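[1] A structural model of the following input is requested.
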Amino acid sequence: MRGLFINVVRSHLVYGNAVWHPFLKQNIELIEEVQYRATQMVPGLAKLSYEGSLQKMDLPSIAYRRARWNAIEVLYKYLHGICSVDCSDLLLLHESSSLSTALATE
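    Got it, this is the predicted structure:
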């Protein structure tokens, strides 16, 4: 059942993730609801919660898969020079004499 679920149901749910990335909570919940209803059709999982049925089937949520894929994609693009990011602009350090003095006395 797990293989059937992954190939038939989940493939349809994650198909458009590269183009359409839902960011509104209501849209994310709608997609998760589809996966929840599909897991409820598996014999023996009808009375479990969404998290319980995912755990029983050893599956991550769609939101987790989307976040994981985004992290992998960004790392790949960064490592292969597809996009260049100057990290010094992202992580500005504010040097304050009072902060360094306060940390040194602790």
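
[2] State the phi and psi torsions of the residue positioned nearest the centre of the chain.
    With distances taken as CA atoms, centre = their mean, residue 67 lies nearest the centre of the chain, 2.3 Å away. Main-chain dihedrals, residue 67, degrees, to the nearest 10: phi -60, psi -40.

[3] Likewise for residue 13?
    The phi/psi pair for residue 13 (degrees, to the nearest 10) is phi -70, psi -30.

[4] Residue 28 versus residue 52, what's the distance?
    19 Å (CB to CB, to the nearest Å). Every C-beta, even on glycine, is put in place using the N, C-alpha and C of the backbone.

[5] Who has more neighbours out of those two?
    A count of neighbours by other CB atoms under 10 Å puts residue 28 above the other of residue 52 and residue 28, at 16 against 12.

[6] In which helix or strand does the closest residue to the more buried one other than its chain neighbours reside?
    Excluding the flanking residues, the one nearest residue 28 by CB to CB, 6 or more residues apart in numbering is residue 22, at 5.2 Å. Counting by DSSP states H and E, there is no helix or strand that carries residue 22.

[7] and residue 22, what is it in contact with?
    28, 30-31 (CB atoms under 8 Å, 6 or more residues apart in numbering).

[8] Of those, which belong to helices?
    28, 30-31 (DSSP state H).

[9] of these, closest to residue 14?
    Ranked by distance to residue 14 (CB to CB), the ones in helices among the contacts of residue 22 are led by residue 31 at 9.0 Å.

[10] So the closest one sits against residue 13, correct?
    Yes: using CB atoms under 8 Å, residue 31 is in contact with residue 13, at 5.9 Å.

[11] Can you work out which residues contact both of the two?
    Counting by CB under 8 Å, 6+ apart, the residues touching both residue 31 and residue 13 are residue 62.

[12] So residue 32 is in contact with residue 59, correct?
    No: between residue 32 and residue 59 no contact is recorded; they are 11.8 Å apart, counting by CB under 8 Å.

[13] Show me where the protein dips below the pLDDT cut-off.
    18, 87-106 (pLDDT under 70).
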